[in-house]
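>>> turn this into a model:
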Amino acid sequence: MKLDEQVITRAIIERFTEKWIDHLDLDVAIVGGGPSGLVAAYYLAKNARKVAIFERKLSIGGGMWGGGMMLNEIVVQDEGKKVLDELSISTHPFQPGYYTADAVEATTTLASRACQAGAQVFNLMSVEDVIIRQTDGPESTSVVGLVVNWTAVEMAQLHVDPLTVHARYTIDATGHATELMHIIERKSGSKLLTKTGKVMGEKSLWSEVAEHSTLENTREAFPGVYVAGMAANATFGSYRMGPIFGGMLLSGKKAAELIVQRLEKNG
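Residues are numbered from 1 along each chain as shown. Modelled structure (predicted):
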């Protein structure tokens with residue numbers, strides 16, 4: 001068969017345009033394609049929710065790719081292993097309660113299973129703002145969507161206006177940087193649902209506490225916005241955990257479950 005460069009180009013443009021238009025109105029928009037974001041996307045899509053991940057980098061997977069200090073193995077505990085088992089990701093016992101997994105297998109399988117479940121990934125897109133609407137009164141606002149642009153535009157500091165995506169709920173899964181919550185704090189004029197009303201910040205590494213608090217802190221942090229993974233601990237002022245990923249996986253699952261419950265309740 002003779003190949004036609006114009007057909008190839010048209011195929012990419014038309015198919016991407018179809019995909020983009022189909023995801024302008026979402027049940028859930030996830031900002032950040034790390035492990036918690038991928039797991040959340042998998043469980044949301046598995047529950048027949050329209051979900052898309054917006055990842056500013058070329059690759060997805062966040063810090064999971066590098067394991068610990070570029071040694072591409074990760075550690076999970078018993079509860080985290082259950083998520084990997086469900087996704088058919090190989091684990092190996094190390095000591096009682098500790099399991100290792102190949103970081104590359106874990107990351108690629110998480111990404112693949114999320115996509116196969118129906119989640120859509122838009123990489124190389126950065127979220128620069130949120131769409132806010134008044135809800136119950138002039139002092140009450142909620143996030144109803146995202147303002148997005150190409151990462152290349154952001155990096156080059158070009159004056160190019162963004163586009164928008166509407167979403168019933170949003171998940172900040174941007175990791176240590178907690179980018180979405182900082183945007184909301186800075187621009188909304190409203191308090192976050194934290195003790196201080198602001199992003200409380202990440203504390204130093206304490207794996208045992210952080211693994212538990214990651215799950216505890218996975219909740220709504222601003223009307224319409226949930227936090228997951230390391231962004232949950234950074235928002236609510238808890239510790240980081242290092243290269244153990246059970247809490248990250250479980251956090252993504254919990255965020256998805258909480259939002260599914262809200263969607264089912266609200267119709």
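>>> quick one: buried residues of stretch 110-122?
Of the residues in stretch 110-122, those buried by neighbour count under the rule 16 or more other C-beta atoms under 10 Å are 110-111, 113-115, 117-122. Heads up, the C-betas are built off the backbone N, CA and C, glycines and all.
>>> give me the average confidence score over stretch 54-64.
On average, the pLDDT along stretch 54-64 is 95.
>>> what pairs with the strand ranked longest in the chain, parallel or antiparallel?
Longest strand in the chain by number of residues (criterion: DSSP state E): strand 125-137. Applying DSSP bridges to the sheet, strand 125-137 is found paired with strand 140-150 (antiparallel).
>>> can you map out the helices along the stretch 1-150 of the chain?
Remark: helices assigned in the stretch 1-150 of the chain by DSSP state H, counting those that start in this stretch are 5-22, 35-46, 78-86, 103-117.
>>> give me the most central residue, this structure.
Nearest to the geometric centre of the chain sits Gly37, at 2.8 Å (C-alpha atoms, centre = their mean).
>>> and the gap between that residue and Gly246?
Separation of Gly37 from Gly246 (C-beta to C-beta, to the nearest Å) stands at 16 Å.
>>> let me see the contact set for Pro223.
135, 140-143, 193 (C-beta atoms under 8 Å, 6 or more residues apart in numbering).
>>> which of those residues count as buried?
By neighbour count, with 16+ other C-beta under 10 Å, the contacts of Pro223 hold 141-143 as buried.
>>> before we move on, the earlier item: list the contacts of the residue nearest to the centre of the chain.
30-31, 53, 55, 62, 171, 173, 228-229, 252.
>>> which residue in these has the weakest pLDDT?
Scanning those for pLDDT, the low point is Gly62. It has 94.
>>> surely that one touches Gly175?
Yes - between Gly62 and Gly175 there is a contact under C-beta atoms under 8 Å: 5.9 Å.
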